[in-house]
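Engineer: Turn this into a model:
(2 chains)
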Amino acid sequence: MTKTESAKPTNFIHQIIEQDIRNNVNGGKVVTRFPPEPNGYLHIGHAKSICLNFGTAQKYGGQCNLRFDDTNPEKESQEYIDSIVEDVRWLGFEWAGDICYTSSYFDQLYDYALHLIREGKAYVDDLSAHEMREYRGTLTEPGRNSPYRDRSVEENLALFEKMKNGELSEGAAALRARIDMASPNMNMRDPVIYRIRHAHHHQSGDKWCIYPSYDFAHGQSDAIEGVTHSICTLEFEDHRPLYEWLIENLPVPAVPKQYEFARLNLNYTVTSKRKLKALVEEGFVQGWDDPRMPTISGLRRRGYTPASIRNFCEMIGVTRSNGIVDMAMLESAIREDLDASAPRAMCVTRPLKVTITNFPEGEEEWFDLPAHPKDESMGSRRVSFGRNLLIEQEDFEEVAPRKWKRLATGDAVRLRGCYVIRCEEVIKDASGQIIELKCTYDPATKGANPEGYKANGVIHWVNSDRSVPCEVRLYDRLFTEANPDGDKEQDFQSFINPESLVVLSDARVEPGLEGAAAESRFQFERMGYFSVDKDSTADKLIFNRTVTLRDSWAKIQAGS
RNA sequence: AGGGGUAUCGCCAAGCGGUAAGGCAACGGGUUUUGAUCCCGUCAUGCGGAGGUUCGAAUCCUCCUACCCCUGCCA
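Structural biologist: Down below sits the predicted model:
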């Protein structure tokens, strides 16, 4: 995409950027960055930020960096870095140059800290974390100056040196910016900018035992990288004055500007790293990539496409107002994509035996069916018809309800792409359970409407003797409450949907799907969109339900 | 009288002083060998509330209300 393709600004950030370009701010250049902390897996909320940052750079012919904001080694790990890199790539974005790390600027950041000390704008504070909290004041009362606030530059330099050399224990001292303890903005009440952590860092190893805080590292890293528009979420709004104060008081090579947008909230799920982590660690789901998780890797395993997620992000827009997006929008995005791109197939998830009594034993007939009803370029597939078939249990009722378009005793129904059959007899076991249907087929209905009668509707089916056994995992929303973390009394975990996963191990799919590759996607006609799970093997095919088809029959049923 | 934000249809969201886009959902109807897709139609005399300015206000002003964020040596 080039800048000539940008018709009009699609959100307020693009408006600002276009104004900047008109005014030749930054020479008309646009540089953004996606700055995750590698302390968890990326989720759908990050996807919004990724699409915004990378998409904006793309749209205005600029560049976007992938920068790991790795200033807190104790919470971070290489595992998270690897997963984030993979997820960003999978979403279809490429960063400019090499992957960046805030940790590779630690030397420069240290020099900036020295600069602040020499200017009398930072000091080493010996107050404990607890004492510091007391001195900070409250939302309505100003804070008090630390007794160490007026140390000399020399003393501060010496003390900071000791911090750096590991001569002080964790918590014994911290470097603070010297701003204003009476500021109504808490972030300006002498924020800590360097703290002691005798910890091994996943990138810088054991070189440092002091680490810059987010506030001190972020803006300066933006400046070092030449970021022009530093886009973050609303909760950092109050940090902007500090961001600007540091940029103004430091000899940085550029002047980046921070802009904030509302983070994404989706109903029937949670999007907080802490809560997602809890779901994984406490075993409510099977991992970060569990198909019920709103993580990128979870959505991927569920069968979502990168394009559908990008479209979803486009759909929801970018604003400064906090809202909760309906899950139906995400589902709409994946249905739209998969309807056009997924080949069709038939899968009987809960089989009911059907015997075609007038079809000879041991014989079969093959049918050529289009892989897609509207897209001939997708070719065709072969399905086998025979005496022993399987249909969906829910497609048969002994007595047809009103508006029933499926099979019922004595009635006829079309087998999708095949013949019309009629149910002649219902076989039950001792407990009254229906175990088999004896049917006849009408040989005259191959590609033709029946003569003298009408078929109820169309149902899917497989040839029992030719179908491939498989496991089908039916996924549904993870929570039963639209806003699972909105209840003050009840923990979000108590709202977990017990039916968020239903495993059907007795399913059968049409023969062409034998050996289907992991992550390949299909529409199982009348059932929904499914994707081959990554744990699927030649011996055991596993399909994950991505999303159901829109179901107007379910609405009719619910209404009556 | 702590500071910073946000309020437009059930949900998301355009709108930037000239008379309320679009998407999702919902609801009608048509096509259909997927109760899918597709197509057609309906869906805010109203923009959190009250005043004011103006020929004209969702857009400007005043006051009010509701909700969100901020008292980590987390990001």
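Engineer: mind listing what residue A:103 touches?
Structural biologist: A:68, A:70-71, A:201, A:203-204 (Cβ atoms under 8 Å, 6 or more residues apart in numbering). No exception for glycine: its C-beta is placed from N, CA and C like everyone else's.
Engineer: Apply 6 Å and report the result again.
Structural biologist: A:70, A:203-204 (Cβ atoms under 6 Å, 6 or more residues apart in numbering).
Engineer: which one of those is nearest residue A:532?
Structural biologist: residue A:70 (35.1 Å; Cβ to Cβ).
Engineer: Next up, the contacts around residue A:35.
Structural biologist: A:67, A:69.
Engineer: likewise residue A:356?
Structural biologist: Counted by Cβ under 6 Å, 6+ apart, residue A:356 has contacts A:387, A:439, A:441.
Engineer: please redo it, this time with the cut-off set to 7 Å
Structural biologist: Shown here is residue A:356, whose contacts under the criterion Cβ atoms under 7 Å, 6 or more residues apart in numbering are A:387, A:389, A:421, A:439-441.
Engineer: Bridging across strands, which residues link to it?
Structural biologist: residue A:439 (DSSP bridges).
Engineer: Please report how far it lies from RNA strand B.
Structural biologist: Separation of residue A:356 from RNA strand B (Cβ to the nearest atom of the strand, to the nearest Å): 16 Å.
Engineer: and if you look at residue A:346?
Structural biologist: 9 Å.
Engineer: Show the subsequent helix or strand relative to the helix or strand harbouring residue A:462.
Structural biologist: Assigned by DSSP states H and E, residue A:462 belongs to strand A:461-463. Next helix or strand after strand A:461-463 toward the C-terminus (DSSP H and E): strand A:468-475.
Engineer: partner strands of that following strand, parallel or antiparallel?
Structural biologist: Counting by DSSP bridges, strand A:468-475 is paired with strand A:501-509 (antiparallel), strand A:541-547 (parallel).
Engineer: Show me what whichever strand or helix holds residue A:332 is packed against.
Structural biologist: Take DSSP H and E as the rule and residue A:332 turns out to sit in helix A:327-341. Counting contacts by 3 or more Cβ pairs under 7 Å, 6 or more residues apart in numbering; DSSP states H and E, helix A:327-341 packs against helix A:306-316, strand A:541-547.
Engineer: Now these in TSV, please, with extra columns for mean neighbour count and mean pLDDT.
Structural biologist: Converted to TSV, the helices and strands packed on helix A:327-341 look like this (neighbours: other Cβ atoms under 10 Å; pLDDT from 0 to 100):
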stretch	mean neighbour count	mean pLDDT
helix A:306-316	20	98
strand A:541-547	24	98
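Engineer: what sits up against the helix or strand of chain A with the lowest mean pLDDT?
Structural biologist: Of all helical and strand segments in chain A, the minimum by mean pLDDT, DSSP states H and E falls on helix A:552-559, at a mean of 90. Residues outside helix A:552-559 that contact it (Cβ under 7 Å, 6+ apart) are residue A:403.
Engineer: And the next helix or strand past the one helix or strand residue A:230 maps to?
Structural biologist: Per DSSP H and E, residue A:230 falls inside strand A:229-233. Later in the chain than strand A:229-233, the nearest helix or strand by DSSP H and E is helix A:240-249.
Engineer: So in that sheet, which strands flank the next helix or strand after that following helix, and in what orientation?
Structural biologist: Counting by DSSP H and E, the next helix or strand C-terminal to helix A:240-249 is strand A:257-261. Strands that pair with strand A:257-261, judged by DSSP bridges, come out as strand A:229-233 (parallel).
Engineer: tell me, how many neighbours does the residue lying closest to residue A:457 once chain neighbours are set aside end up with?
Structural biologist: Distances taken as Cβ to Cβ, 6 or more residues apart in numbering place residue A:405 nearest to residue A:457, at 3.1 Å, with adjacent residues excluded. The local packing of residue A:405 (other Cβ atoms under 10 Å) involves 13 other residues.
Engineer: Just to be sure, residue A:405 is in a strand?
Structural biologist: No: applying DSSP: H, G, I helix; E, B strand; the rest coil, one finds residue A:405 to be coil, outside a strand.
Engineer: Residues in contact with the strand holding residue A:230: which ones?
Structural biologist: A:13, A:17, A:30, A:32, A:52-53, A:222, A:256-261, A:263.
Engineer: Most neighbours out of those residues, which is it?
Structural biologist: residue A:32 (30 neighbours).
Engineer: secondary structure class for residue A:56?
Structural biologist: Classified using three-state DSSP, residue A:56 is helix.
Engineer: is it true that it touches residue A:34?
Structural biologist: No: contact criterion Cβ atoms under 7 Å: residue A:56 and residue A:34 do not qualify, at 10.5 Å.
Engineer: Any residues of the stretch 401-550 of chain A in contact with RNA strand B? List them.
Structural biologist: Residues of the stretch 401-550 of chain A that fall close to RNA strand B, judged by Cβ under 7 Å from any atom of the strand: A:403-406, A:414, A:416-418, A:445-449, A:457-458, A:523, A:525-526, A:549-550.
Engineer: 6 Å instead, please
Structural biologist: Residues of the stretch 401-550 of chain A lying near RNA strand B by Cβ under 6 Å from any atom of the strand: A:403-406, A:414, A:416-417, A:447, A:457-458, A:523, A:525-526, A:549-550.
Engineer: Weed out the non-buried ones from these.
Structural biologist: A:404, A:406, A:414, A:416-417, A:457-458, A:523, A:525-526, A:549 (16 or more other Cβ atoms under 10 Å).
Engineer: In strands, which of those appear?
Structural biologist: With DSSP state E as the criterion, strands contain A:414, A:458, A:523 from among those.
Engineer: just to revisit the earlier point, among the buried ones among the residues of the stretch 401-550 of chain A next to RNA strand B, which two are most distant?
Structural biologist: Most distant of these, by Cβ to Cβ, are A:404 and A:523, 23.3 Å apart.
Engineer: where in the stretch 251-400 of chain A is pLDDT low?
Structural biologist: Counting by pLDDT under 70, the stretch 251-400 of chain A contains no low-confidence range.
Engineer: got the contact list for whichever residue of it sits closest to RNA strand B?
Structural biologist: Per Cβ to the nearest atom of the strand, residue A:323 is where the stretch 251-400 of chain A lies closest to RNA strand B, at 2.3 Å. Applying Cβ under 7 Å, 6+ apart, we find residue A:323 in contact with residue A:265.
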